[in-house]
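*Asks:* Pasting a predicted model and its sequence here:
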Amino acid sequence: MISSTVAEQLRRIAGKENVFTEPEDLTCYSYDSTHLSALPDVVVAPLTTAEISEIVKLANAERIPVIPRGGGTCLSGGTIPTDGGIILALHRMNKILEIDQDNLTATVQPGVITATFHQAVEKEGLFYPPDPQSMLMSTIGGNVAENAGGPRGVKYGVTKDYVLGLEVVTPTGGILRVGGKTIKNVSGYDLMRLFAGSEGTLGIITEITVRLVPLPEAKRTLLAMFDTLDDAAAAVSSIIKHRIIPTTLELMDHKIMELIESFKPVGFPMDVEGAILIEVDGSEHDVNKQIDKVAEICAACRSREVKVAKDQAEAAQLWAGRRSAFGALCKSARTVFVEDATVPRSKVPDIVKRIQEIARKYDLVIPILGHTGDGNMHPNILTDERNAEEMKRVDAAIDEMFEAALALGGTLSGEHGIGLIKRKYMPWQFGEEGLDFMRSIKRSVDPNNILNPGKMFLMEKGE
Ligand SMILES: Cc1cc2nc3c(=O)[nH]c(=O)nc-3n(C[C@H](O)[C@H](O)[C@H](O)COP(=O)(O)OP(=O)(O)OC[C@H]3O[C@@H](n4cnc5c(N)ncnc54)[C@H](O)[C@@H]3O)c2cc1C
């Protein structure tokens, strides 16, 4: 509970109309896109970096947790105020400050919605590739904090590959600027990479400069259908092995396509076990060459049919179907665990087999989809958290999935971050030595552990 004096000071800093303490308001900021929730003590929606700095100074002096929040689409529980405190809602900081045609960069405030940013730069013939499937709701600040990726990650990488400069409010209220508009910048420690993916634990990102690339001249989409999911997974690895890097390479199993078709029909086939949705981009000539080669590789991997979208409208329809997968999953079960294990690309067929085995072993429904071109699997467990017996099997299955991913040389997260959900697995990947190193960074910049405490790892050893 915060005192009335602190609430009064917050109103003075941000304006009383931007400070919320009513139960209805607190409830709206108590959850994200996971099944977790906890009530904050107060929600503050600042407009400027200076206001944020003042809020953080106050919180640090009073030892109050501060949890930055963008669009609230987090899939790892990163915005959940487990210890109460201040939710710092960044939606009012939503200006695109500059699109610099000469340097091919853009500078934005953190609350800019990702899709709005895409549209703005594409209008100028430029391209910002990171494309989380949540882009209609997620913010650029949240994307940097989570180091978000998306289907285009296979060719274009993730958010950190585009960040050139940041303004950050530190956990003690200082204002730090790192990087700028230069493409090359090797001065000192790479703080940009440290902040990208720091999940709101090391600083509040208040301004972002990103690198843009020219908008590709052409793009085409292809849907390849397979009698078995194993063949579809093998095709993913084979495409990469043949040194073709499509823009996107998404694997979907029968169950996920069935759910999408009953939610938002786009014409996914109902009589195959697996499919891959592929987009290639580049020059007109290159795109046609790549499409032919991909179709040839899929045929060699026993695809039953390869359908090339005849125009952009048809392609957009297929992608809208893929994007609606999360909605379709959520409609089909009370609780959905969207997992995010990632393996080296050559191991995609192995992890797909392991996930199928785990689903059978624990008698669970686990539709599989993922940005498999970059090894990023999204097995989704459909369950009901009220069923205690099933939840035990779910927990055991998730443990086994992450064990399998790590054993295959993979990682706990390709893009959704660690947050609360995967905190317990961190020692598996980093050991106590690695975690201690991270703890010492956190301790040195946030001595009172006020910034998004408890996310990624606990500060005490052995947890
Ligand atoms: C349907 C759906 C599809 C998704 N698809 C993808 C996908 O394809 N790829 C992908 O990577 N993710 C995906 N996600 C997850 C999520 O959209 C991303 O992690 C996204 O980057 C979160 O952005 P946000 O603005 O919603 O952040 P929030 O959920 O509000 O916050 C996420 C984390 O970032 C911190 N944070 C937010 N803003 C700031 C800031 N300005 N400074 C410091 N810390 C901050 C928060 O404290 C929290 O820890 C999906 C989610 C959903 C619901």
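*Replies:* All right, it came through fine. Numbering: from 1, shown residues only.

*Asks:* for whichever residue of the chain sits closest to the ligand, helix, strand, or coil?
*Replies:* For the chain, the residue closest to the ligand is Gly142, as judged by C-beta to the nearest ligand atom, at 2.1 Å. (Each C-beta comes from the backbone N, C-alpha and C, glycine too.) Judged by DSSP: H, G, I helix; E, B strand; the rest coil, the three-state class of Gly142 is helix.

*Asks:* per-residue pLDDT, Gly71?
*Replies:* Gly71 is assigned 98 on the pLDDT scale.

*Asks:* Any idea how many residues pack against it?
*Replies:* Look at Gly71: counted by other C-beta atoms under 10 Å, it has 24 neighbours.

*Asks:* Now do the contacts for it.
*Replies:* Residues in contact with Gly71 (C-beta atoms under 8 Å, 6 or more residues apart in numbering) are 113, 134, 137-139, 142.

*Asks:* what does Val213 give?
*Replies:* For Val213, the contacting residues are 104, 126-127, 129, 156, by C-beta under 8 Å, 6+ apart.

*Asks:* Let's see that with 7 Å instead.
*Replies:* When the contact criterion is C-beta atoms under 7 Å, 6 or more residues apart in numbering, the partners of Val213 are 127, 129.

*Asks:* returning to what we had before: for burial, what's the neighbour tally of the closest residue to the residue of the chain closest to the ligand other than its chain neighbours?
*Replies:* Excluding the flanking residues, the one nearest Gly142 by C-beta to C-beta, 6 or more residues apart in numbering is Gly70, at 3.1 Å. Gly70 has 32 neighbours, counted by other C-beta under 10 Å.

*Asks:* my guess is Gly70 meets Gly111, correct?
*Replies:* Yes: contact criterion C-beta atoms under 7 Å: Gly70 and Gly111 qualify, at 6.4 Å.

*Asks:* ok so, going back, mind listing which of the contacts of Gly71 are in helices?
*Replies:* Gly142 (DSSP state H).

*Asks:* Would you reformat the contacts of Gly71 as JSON lines and include pLDDT and neighbour count?
*Replies:* Formatted as JSON lines, the contacts of Gly71 follow (pLDDT from 0 to 100; neighbours: other C-beta atoms under 10 Å):
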{"residue": "Ile113", "pLDDT": "98", "neighbour count": "19"}
{"residue": "Ser134", "pLDDT": "93", "neighbour count": "22"}
{"residue": "Met137", "pLDDT": "97", "neighbour count": "15"}
{"residue": "Ser138", "pLDDT": "98", "neighbour count": "24"}
{"residue": "Thr139", "pLDDT": "98", "neighbour count": "31"}
{"residue": "Gly142", "pLDDT": "98", "neighbour count": "32"}
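
*Asks:* before we move on, the earlier item: now the common contact residues for Gly70 and Gly111.
*Replies:* Counting by C-beta under 7 Å, 6+ apart, the shared contacts of Gly70 and Gly111 are 90, 139, 141.

*Asks:* List the residues that contact the closest residue to the second one other than its chain neighbours.
*Replies:* Going back to what we said before, that points to Thr139. With C-beta to C-beta, 6+ apart as the criterion, Thr139 has its nearest non-adjacent residue at 3.4 Å, and that residue is Gly70. Contacts for Gly70 (C-beta under 7 Å, 6+ apart) come out as 90, 110-111, 138-139, 141-142.

*Asks:* Could you check how far stretch 392-407 is from the centre of its chain?
*Replies:* For stretch 392-407, the separation from the chain centroid amounts to 20 Å (computed by C-alpha atoms, centre = their mean, to the nearest Å).

*Asks:* now do stretch 24-36
*Replies:* 18 Å.

*Asks:* and after the helix-or-strand element of the chain with minimal mean pLDDT, which helix or strand comes next?
*Replies:* Within the chain, confidence by mean pLDDT, DSSP states H and E is lowest for strand 368-371 among all helices and strands, at a mean of 88. Note on strand 368-371: by DSSP states H and E, the next helix or strand toward the C-terminus is strand 376-383.

*Asks:* what's the next secondary structure element after that following strand?
*Replies:* Once strand 376-383 ends, the next helix or strand along the chain (criterion: DSSP H and E) is helix 388-407.

*Asks:* what helices or strands is the helix or strand just after that next one leaning on?
*Replies:* Remark: after helix 388-407, the chain's next helix or strand is helix 426-445, criterion DSSP H and E. Using 3 or more C-beta pairs under 7 Å, 6 or more residues apart in numbering; DSSP states H and E, the elements in contact with helix 426-445 are helix 388-407.

*Asks:* between the helix it packs on and helix 426-445, how many degrees?
*Replies:* Computed by axes from the mean of the first three to the mean of the last three C-alpha atoms, to 10 degrees, the angle separating helix 388-407 from helix 426-445 equals 80 degrees.

*Asks:* shift numbering so it begins at 2
*Replies:* Noted, 2 is the first residue going forward, which turns the last one into helix 389-408.
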